[in-house]
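# Provide a 3D model corresponding to the input given below.
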Amino acid sequence: MKTVQRPWDWWAYHYRVVHRGQIPGIGEWDDKLIELVVAVLDLNPGDRVLDLASGSGDHARRLAALGMDVVGVEIAPSLVEYSRQQAAEQGLETIEFRAGDMRAIDYKDEFDAVLLLSCSFGFFDDETNEAMLLRIARALKQDGGRVL
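Residues are numbered from 1 along each chain as shown. Prediction:
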């Protein structure tokens with residue numbers, strides 16, 4: 001029996017772009033999710049949003065299309081490149097995708113909201129999860145930043 005092996009970045013792209021794009025109605029579900037996120041976090045055009053583990057950037061691009069200033073952080077280089085290409089094709093100018101590990105973010109008092117969507121939190125040990133939460137708290141504006 002032959003085993004097919006691929007690098008993890010190939011799998012990240014395949015799952016978040018190829019497979020995800022084949023899910024019937026995914027765009028409508030994404031629209032509804034962003035509508036809920038905007039309502040729950042009381043987001044407005046001009047708000048600065050950090051999308052951690054941004055994946056293929058679908059949610060971040062929707063927020064940018066609504067006028068928010070968005071930074072997506074994603075560890076998979078293939079997804080960062082895909083997200084940048086999609087944002088450029090859509091003409092979105094208030095969005096930036098950065099390659100990086102969400103455990104290592106180093107922002108201070110910058111964001112109105114931080115998003116952790118698609119079950120992207122809780123995979124690490126308690127100490128690492130707590131350290132990440134402290135980094136998120138530091139990234140939020142001190143006058144009312146929100147996390148979802």
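
# can we go C-alpha only for contacts and neighbour counts from here?
Will do.

# For the chain, which segments count as strands?
Using DSSP state E, the strands of the chain run over residues 48-52, 69-74, 95-99, 113-115, 146-147.

# For Arg135, which residues are in contact?
By Cα atoms under 8 Å, 6 or more residues apart in numbering, Arg135 lies in contact with 103-107.

# Closest to the centroid, which residue in this protein?
Geometric centre of the chain, nearest residue: Ser54, 2.3 Å, by Cα atoms, centre = their mean.

# so it makes contact with Ala60?
Yes - assessed by Cα atoms under 8 Å, Ser54 is found in contact with Ala60 at 7.0 Å.

# overlap in contacts of these two?
By the contact definition Cα under 8 Å, 6+ apart, Ser54 and Ala60 are jointly contacted by Gly72.

# So for the longest helix seen in the chain, what gets flagged as buried?
Identified as the longest helix of the chain according to DSSP state H is helix 26-41. For helix 26-41, a neighbour-count test (16 or more other Cα atoms under 10 Å) marks 34, 37, 41 as buried.

# swap in stretch 49-57?
49-57.

# and the two most separated of these?
Farthest pair in the buried residues of stretch 49-57 (Cα to Cα) is Val49 and Ser56. Separation: 16.2 Å.

# just to revisit the earlier point, a markdown table please, covering the strands of the chain and showing mean pLDDT and distance to Asn129.
Formatted as a markdown table, the strands of the chain follow (pLDDT from 0 to 100; distance: least, Cα to Cα, whole Å):
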| stretch | mean pLDDT | distance to Asn129 |
| --- | --- | --- |
| strand 48-52 | 98 | 13 |
| strand 69-74 | 98 | 17 |
| strand 95-99 | 98 | 20 |
| strand 113-115 | 97 | 15 |
| strand 146-147 | 94 | 15 |
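
# Reformat these into JSON lines and put distance to Glu127 next to each item.
Output for the strands of the chain, formatted as JSON lines (distance: least, Cα to Cα, whole Å):
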{"stretch": "strand 48-52", "distance to Glu127": "19"}
{"stretch": "strand 69-74", "distance to Glu127": "21"}
{"stretch": "strand 95-99", "distance to Glu127": "23"}
{"stretch": "strand 113-115", "distance to Glu127": "20"}
{"stretch": "strand 146-147", "distance to Glu127": "19"}
